[in-house]
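*Asks:* show me how the following folds:
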Amino acid sequence: MDRETYVAIKNVIKNELKITREDIIEIIREEVRKEIPRFLSNTYKDEGIKQLIDTLIARKIDDALKNKLTDGVSAAIRKVFDENYSMQIIKK
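*Replies:* Below you'll find the predicted structure:
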């Protein structure tokens, strides 16, 4: 789609239909909310896809936990280093 066509369509939506960007976002959110349960019920009928989705979700949760723990350990190490060694560097 070229720029002129895009601008023309955008102007019709905005000026003649009186639909704002926020209206479009809300309409899309409502439709997605309606479609997700239907999609999941259809998807989960196939056991292979169910297993794949469960595995992907488990991996994402595992990665998030590892990152959270790693961030926490890094912060703790940084704090100990700052407290113990930065003072020695300043004193010398």
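*Asks:* kindly list the main-chain dihedrals of residue 40?
*Replies:* Here is the backbone geometry of residue 40 (degrees, to the nearest 10): phi -70, psi -40.
*Asks:* from residue 54, how far off is it?
*Replies:* Counting by CB to CB, to the nearest Å, the gap between residue 40 and residue 54 amounts to 12 Å. Every C-beta, even on glycine, is put in place using the N, C-alpha and C of the backbone.
*Asks:* check residue 66 too.
*Replies:* For residue 66, the distance to residue 54 - CB to CB - is 19 Å.
*Asks:* what's the answer for residue 15, then?
*Replies:* Per CB to CB, residue 15 is found 48 Å from residue 54.
*Asks:* with residue 76 instead?
*Replies:* Distance of residue 76 to residue 54, computed by CB to CB: 33 Å.
*Asks:* kindly report the same for residue 30.
*Replies:* Residue 30 is 28 Å from residue 54, by CB to CB.
*Asks:* repeat for residue 37
*Replies:* Residue 37 is 17 Å from residue 54, by CB to CB.
*Asks:* ok, now residue 16?
*Replies:* For residue 16, the distance to residue 54 - CB to CB - is 47 Å.
*Asks:* more neighbours, these two?
*Replies:* residue 54 (11 against 8; other CB atoms under 10 Å).
*Asks:* quick one: residue 12 and residue 35, what's the gap?
*Replies:* To residue 35, residue 12 is 26 Å away according to CB to CB.
*Asks:* residue 64 now?
*Replies:* Residue 64 is 26 Å from residue 35, by CB to CB.
*Asks:* ok, residue 7 next?
*Replies:* 30 Å.
*Asks:* for residue 19, grab phi and psi.
*Replies:* phi -110, psi 120.
*Asks:* list the contacts of it.
*Replies:* Counting by CB atoms under 8 Å, 6 or more residues apart in numbering, residue 19 makes contact with residue 13.
*Asks:* same question for the one 5 residues further on.
*Replies:* In this structure, residue 24 makes contact with residue 13, judged by CB under 8 Å, 6+ apart.
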